[in-house]
Structures are given as structure tokens and as C-alpha cells.
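In: okay, sequence plus prediction incoming.
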Amino acid sequence: MKKVWHTPSKAWFAAAAVAAALSGCTPHDNAVASSSARTSQDASESSNAPTAARERPAKLDTSLKRRTVGGKFIVEIAPPASGTSVGRIQSWTLTLQTATGEPVEGANIDVSGEMPEHGHGLPTDPQVKPTIHAGRYTLDSMKFNMGGWWELHLKIRGPRGADRITFNTVLAE
Ligand SMILES: [Cu+2]
């Protein structure tokens with residue numbers, strides 16, 4: 001993968017903003033939505049921060065049930081029964097299992113998202129909360145502010161180890 005800038009710079013943010021403007025994005029949503037809830041330290045660590053734009057691969061795995069990168073967990077995420085509505089805050093569900101299919105309780109899960117082609121993140125800061133059902137979690141404050149290719153990055157810390165996974169979802173443009 002070709003990397004243009006190694007660290008975020010003024011030029012980099014300007015380029016991301018231009019790319020976003022050309023594609024009709026509203027990158028400022030991110031800053032506005034999160035500025036009230038975060039400290040400056042949190043903001044600097046935000047994984048929803050803009051990223052350098054990437055092209056969409058010819059083949060995208062859009063399966064929403066997959067094994068994590070290190071093979072520790074099986075994760076399934078699902079949009080609300082009504083489907084994903086662009087521009088609306090919605091709750092998704094997340095099912096977490098061990099590699100052998102046992103429900104995983106007490107996991108700590110971080111979610112961030114981005115539109116790789118546009119170099120911007122989600123306009124919200126999704127939160128994962130446990131439910132009364134073993135291995136079932138809710139993914140609250142999910143909002144996609146435009147159609148297209150989104151990546152959802154999950155970092156999972158369970159009682160018996162940590163792993164991560166990236167899901168792809170393509171919403172009608
Ligand atoms: Cu976008």
C-alpha cells in the first residue's frame with residue numbers, strides 16, 4: 001500500500017478535507033459530534049480521525065460474521081431489522097464467540113469506522129454495551145452519514161485474550 005504521509009500533517013488534513021469535499025462528505029461532523037464528549041487527550045487518540053484515502057479493492061468481503069485476525073473469536077454484527085439508514089443514529093447487535101463457538105462475556109470492545117475512499121471517519125463514537133444474553137452486545141450510536149464503502153474496525157479484549165477484525169459494509173449511494 002502506498003503511503004503518502006507518515007504522520008498527520010497540515011497538508012494531510014487539507015488533502016483529506018479536499019477529498020471529502022469533492023465526494024460530498026461532511027468531515028466536520030466528526031469533530032462537532034465528538035468535541036463535547038471528549039477530552040483533548042481522547043480526541044488525539046480517536047481512531048475515527050481522518051485517514052489517508054485508499055481505493056476500493058475489486059473484491060470486498062462484506063460478510064458480517066467472521067473470525068478475528070488472530071483467530072481468537074468469531075464475531076457477528078448485524079444492523080437493525082429495519083436495515084441500515086444513512087444519516088440516522090441506529091443500534092446494531094454484536095455476537096461474540098470463542099473460536100469454538102462459546103459465548104464470550106465481559107469483553108471490552110472498541111469500535112471505529114472510516115470511509116477509506118474519502119479519508120474520513122464516522123460522525124459518531126459508537127459504544128459497545130453488554131446485554132443480558134451471554135455473548136450478545138449492542139453497538140450503540142452507529143451512524144453512517146453517507147452511502148458508499150465503510151470499514152468498521154473492532155478491537156476486542158476478552159477475559160482470555162485480545163484480537164481485532166475489520167468488517168466492510170457498502171451502503172447504497
Ligand atoms: Cu465519505
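Out: Okay, I see it.

In: alpha carbons only for contacts and neighbour counts from here, please
Out: Noted.

In: what residue is smack in the middle of this structure?
Out: For the chain, the residue nearest the mean C-alpha position is G113 (2.4 Å; C-alpha atoms, centre = their mean).

In: quick check: the gap between that one and V128.
Out: Here G113 is placed at a distance of 13 Å from V128 (C-alpha to C-alpha, to the nearest Å).

In: so where's the protein uncertain?
Out: Scanning the chain for pLDDT under 70 picks out the ranges 1-51.

In: at which residues are the helices of it located?
Out: Assignment of helices within the chain using DSSP state H yields the ranges 10-22, 28-35, 40-45.

In: name the residue most distant from the centre of this structure?
Out: Outermost residue of the chain (C-alpha atoms, centre = their mean): T100, 25.2 Å.

In: so what's it up against?
Out: With contact set as C-alpha atoms under 8 Å, 6 or more residues apart in numbering, T100 has no partners.

In: my read: I109 touches R157, true?
Out: Yes - assessed by C-alpha atoms under 8 Å, I109 is found in contact with R157 at 6.3 Å.

In: more crowded one of these two?
Out: Each of I109 and R157 has its neighbours counted (other C-alpha atoms under 10 Å); I109 has more, 19 against 15.

In: right, is stretch 71-91 up against the ion?
Out: No - Stretch 71-91 stays clear of the ion (C-alpha under 5 Å from the ion), getting no nearer than 11.4 Å.

In: residues in contact with G161?
Out: K72.

In: let's see that with 10 Å instead.
Out: Going by C-alpha atoms under 10 Å, 6 or more residues apart in numbering, G161 touches 72-73, 107.

In: so how far is the ion from it?
Out: Going from G161 to the ion by C-alpha to the ion, to the nearest Å gives 33 Å.

In: now R56
Out: R56 is 12 Å from the ion, where distance means C-alpha to the ion.

In: these two touch, right, T169 and E151?
Out: Yes - between T169 and E151 there is a contact under C-alpha atoms under 10 Å: 6.5 Å.

In: quick check: neighbours shared by those two?
Out: Taking C-alpha under 10 Å, 6+ apart as the contact criterion, the common neighbours of T169 and E151 are 62, 115.

In: excluding its backbone neighbours, what's nearest L152?
Out: Nearest non-adjacent residue to L152, counting by C-alpha to C-alpha, 6 or more residues apart in numbering: G113, 4.4 Å away.

In: shouldn't the one you found be in contact with E151?
Out: Yes - with contacts counted by C-alpha under 10 Å, G113 reaches E151, the gap being 5.5 Å.
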